[in-house]
Structure formats: C-alpha cells, structure tokens
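In: Give the three-dimensional model of this entry:
(one chain, ligands or ions: 1)
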Amino acid sequence: MLTAISRYGARVLPNTQQLIAECARRGELVEGPAIDEFEEAFSQRHDHQVAVTTSYGRMAFYYILKALNLPIGSEVIFPALTFWVVPEIARVLGLRPVFVDVDPKTFNMNPSAVDRAVTANTKAIVPTHLYGLPCDMDEILGIATKHNLAVIEDCAHSLGALYRGRPVGTFGDAAFFSFQTLKPLNTYGGGMAVVRDASLAGAVRGLARSEPLPTEAEVRKKLNIGRVQRILTRPSVFRWTLFPILWAASFVRARPDVYLWEAIRPLDPLPPDYRRRYSNVQAAIGLEALRHLAGWTAATRRNAELLAQTMTGIPGVQLPDCPADRTHVFYQYALRVSDRDRVVRSCIRRGLDIETLHVDVCTRLPLFQPFWAPALEADYAAEAVQLPVYSSLSEDQVRWVSRIVKGAVSEDPRAPATVPQSARD
Ligand SMILES: *Cc1c(COP(=O)(O)O)cnc(C)c1O
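Out: Reported below is the predicted structural model:
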C-alpha cells in the first residue's frame, strides 16, 4: 500500500486563503458587495434569469417550492435515483414525492416514466441532471407543457453542462445549484436558485433574504471544515489518513465510507444552520471560481475521454453514455461492472478508492416508505461504480486508474501498484 488515489478531488482556487484574508481585512466576511456580483455573474451565464444565493443548494429548492405555493399534498415527480435530501425537502413542505424510473444508460429520469406518473394532483417535475449529464429536456418540457406543470431543474452536479448547446438551468421555470466542497463550483457550502419569472423570482429572493445572517464564527467554521476535507483528500495525505481505513475494511467487507455521508433522516424541522443567508466571503470565492470553471470542466472532460479510450471493449464493463446532443461535465464517471463488490475491494487493495453509490435509490429508503414504487432500472443503475475523474488528476494518474480497474475486472495480478505523483498535488 504505497500510494492511493481518492475518489474525491475538490476544485480549489490557488488563492483561496488570500481571498478570505482580504474579505476579513475589509470586514466583509458576512456581508459585502460580492454577493450581488456573484448573483449577477451567475445570472448572465443562465439566460439573464434572476439568481439568488442560499445557504445550501437544498434551500434554494426549498424557497422555489415555497414560492410556487403549491397546495398541500400536491405531487412532485423526482427520479428514483437522486440525493435523498431533495425529495425530503418536498416532503417537509407537505408535498408528495413521486418517484419515476431512470434510463439505465444515462442514469437520468426516463421521460416516458414521467408521462405515466402524471395524475390530476401532479404540480411539478424535478429533472436531475445526474452525474453531470443533462436530462432529455425536450421530452420533459413537452410533458410539462401538456399538463401545465412547473419544471425545477436540479443542477447540483451539472453546472456548465449543455443540452443542444444551452446550459442546464435555463430550461425550466427555475433551477438550483449546490456549492458544496465537492460540487462543480466549490464555495465550501452554499447554493443558488435561478428563476425565470420575475414575480416568482421576487418571492424566492424575499424568502432567502429574510433568513438571519450567519455569524462570523459560523462562516469561519464552514471555511475550516472545507479546508480539512480538501487536505484529507489530497493524494499525499489521503494515503496516510482515510485510505488505510478503507483498505483495511476491504478485507472484512465493511464499508466505513458510508459514515462519511450525512445520515438519512427526516429534515423537519429544518436544522437551524439551513436557515441562514449566504456569506460574502463565499460569494467572493464563487466569483473567482467561475473564472476557472471552463478550465476545470475541460480538464475533467479530458480525463473522462481518456478513461473511455482506455476502457472500451472490456468484457463486463459498460461505459457511461452521452447522447450526441449533450455535453457531459462528468461530476461522476459512472461505470457498470459485473461483480461490482469484488471489483471495488480489489481496486481498494490496489490503492484506488472508488465509490459505489453516490446518490440514493429513494424508492428503497425507509424515509420514503409511504411513497415506494417499483423502480427496477434504478436498482440496476445503482450497481455502477464511480471512478475518480476530477480535474486535478494528471494524465498519468487517469491512465493508472484505468489500469487498476481493468486489472480488478480481469483480476490480473500484474496490474501496477504505484500511483504516479502529480505535480499538482
Ligand atoms: C449535493 C446535491 C444537492 C444539494 O446540495 P446541498 O448544497 O448539499 O444542499 C441536490 N441534488 C443533488 C443531486 C446533489 O448531489
């Protein structure tokens, strides 16, 4: 166990500490001009819709749903394969999540399943552009128009992704983005609502802006947690910290990584730290990060291309699909392998940390038991593994990832054991 590559790679600005110090010096950690500027820059990228910063991506969704003022018990359609928090927010607001199946090739909601799920009570559809691949928006918008439904795009994975040349977040009535540490744009937490209609946008802004400001101590705590997450996943640190735990666990078939994630639980009442405004220092980081976004996206897409090139035609391996009319930003590189658990253990023993289920099959969670539905394709899609593809990996590291996975799939003992070190580590 000489070396290891983490499943996670945060997108970090080289001058993060300097930006924080400058905001602190000006007394603008909590409030300041960067919030409006960040919202304006985001708006410009999204068809000049109104953009509103929030404490979390999920809170952007919360305000959008609240502003839509849907009758209690209205049905909201979600893909069965998504982050549990999103349908839970609808449930907290007294709405009824309805889960539809996904297309096992794209991992995204299947439009014909959406069409079949619409009832007289349906009021909204939430297409999630999962893992960075846009949904089939023409089909989904067609269904929404036919039944007069609101469309709220979940863009948490997909900032910068295009459908027929247009960015995600510009198709529906509203959209939301997440700026958690590992998301495409990292501001150590936070989110953004993007809203088309001016009066709906005004309501969303009113709700978000009426939350209390965070304290300076709360803001510093977020930044510090982000810093620790970032350091722990750096390859040189990761192989001496988290990785030995994962490595040891692979021999006893335990999965300690499941404890790294938020516990799945009811969110009513909302935890107090949700009900905060976004901070100026995070907006300053976000504004700067937007200037790097195209470079990060291009690097990630190159890594994905290299994985595809080096792994096509391997028996038992199915590469992620991307229809020709879309640009995938590869927040995750989801690969289907046969005998998944064995492949995962074998990769970990060879120094490669890979993840199995980045999101949840919501129809299998006790939290949503009253709303369970059979969703067989989602269960099948959930058997994918997610390979490291993030922008800070070097070409040599991606080639190494590919060789390790191929070695694990074929159980070839000659697969290499040493990770090339990146200059960017
Ligand atoms: C991360 C995520 C969100 C919510 O983001 P937060 O900022 O953590 O609230 C929503 N949807 C999906 C699919 C996500 O992965």
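
In: per-residue pLDDT, residue 137?
Out: Reported pLDDT at residue 137 in the predicted model: 98.

In: which residue sits closest to residue 136, ignoring its sequence neighbours?
Out: residue 111 (5.2 Å; Cβ to Cβ, 6 or more residues apart in numbering). C-beta coordinates here come from the backbone N, C-alpha and C atoms, glycine included.

In: And for residue 45?
Out: Nearest residue to residue 45, sequence neighbours excluded (Cβ to Cβ, 6+ apart): residue 167, at 6.5 Å.

In: The host helix or strand of residue 289 close to the ligand?
Out: According to DSSP states H and E, residue 289 maps onto helix 280-311. No. Helix 280-311 stays clear of the ligand (Cβ under 6 Å from any ligand atom), getting no nearer than 11.6 Å.

In: ok, the residue nearest to residue 45 - contacts?
Out: Neighbouring residues of residue 167 by Cβ atoms under 8 Å, 6 or more residues apart in numbering: 45, 46, 47, 160, 161.

In: Make JSON lines out of these and add secondary structure.
Out: Formatted as JSON lines, the contacts of residue 167 follow (DSSP: H, G, I helix; E, B strand; the rest coil):
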{"residue": "45", "secondary structure": "helix"}
{"residue": "46", "secondary structure": "coil"}
{"residue": "47", "secondary structure": "coil"}
{"residue": "160", "secondary structure": "coil"}
{"residue": "161", "secondary structure": "coil"}
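
In: of these, buried ones?
Out: Neighbour-count burial (16 or more other Cβ atoms under 10 Å) is assigned, among the contacts of residue 167, to 45, 46, 160, 161.

In: Going by distance to the ligand, which of these wins?
Out: Of all these, the ligand sits closest to residue 161, with 12.9 Å by Cβ to the nearest ligand atom.

In: right, and the closest one touches residue 131 too?
Out: No. When contacts are counted by Cβ atoms under 8 Å, residue 161 is not listed as touching residue 131 (9.8 Å).

In: Now for these two: what residues contact both?
Out: Taking Cβ under 8 Å, 6+ apart as the criterion, residue 161 and residue 131 both touch residue 328.

In: Now the most centrally placed residue in the chain: closest residue in space that isn't a chain neighbour?
Out: Closest to where the C-alpha atoms of the chain average out (Cα atoms, centre = their mean) is residue 157, at 3.5 Å. With sequence-adjacent residues excluded and distances taken as Cβ to Cβ, 6+ apart, residue 157 is closest to residue 331, at 3.9 Å.

In: number of nearby residues for the one you found?
Out: When counting by other Cβ atoms under 10 Å, one arrives at 25 neighbours for residue 331.

In: quick one: it and the ligand, what's the gap?
Out: Counting by Cβ to the nearest ligand atom, to the nearest Å, the gap from residue 331 to the ligand is 8 Å.

In: Contact partners for that residue?
Out: So, once contact is read as Cβ under 8 Å, 6+ apart, residue 331 ends up touching 131, 132, 157, 158, 183, 184.

In: Dump these to a markdown table, plus pLDDT.
Out: Output for the contacts of residue 331, formatted as a markdown table (pLDDT from 0 to 100):
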| residue | pLDDT |
| --- | --- |
| 131 | 96 |
| 132 | 98 |
| 157 | 98 |
| 158 | 98 |
| 183 | 95 |
| 184 | 97 |
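
In: export these to a markdown table and tack on distance to residue 213?
Out: Shown next, in a markdown table, are those (distance: Cβ to Cβ, whole Å):
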| residue | distance to residue 213 |
| --- | --- |
| 131 | 34 |
| 132 | 33 |
| 157 | 29 |
| 158 | 30 |
| 183 | 23 |
| 184 | 26 |
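
In: Confirm for me that residue 223 is in contact with residue 19.
Out: No. Contact criterion Cβ under 8 Å: residue 223 and residue 19 do not qualify, at 10.1 Å.

In: got any residues that touch both of those two?
Out: Taking Cβ under 8 Å, 6+ apart as the criterion, residue 223 and residue 19 both touch residue 281.

In: just checking: which of the contacts of residue 331 also lie near the ligand?
Out: 157, 183.

In: Those residues of this structure touching the ligand, which are they?
Out: Selection of the chain residues close to the ligand by Cβ under 6 Å from any ligand atom yields 56-58, 82-83, 85-86, 128, 154, 156-157, 178, 180, 183, 191, 359.
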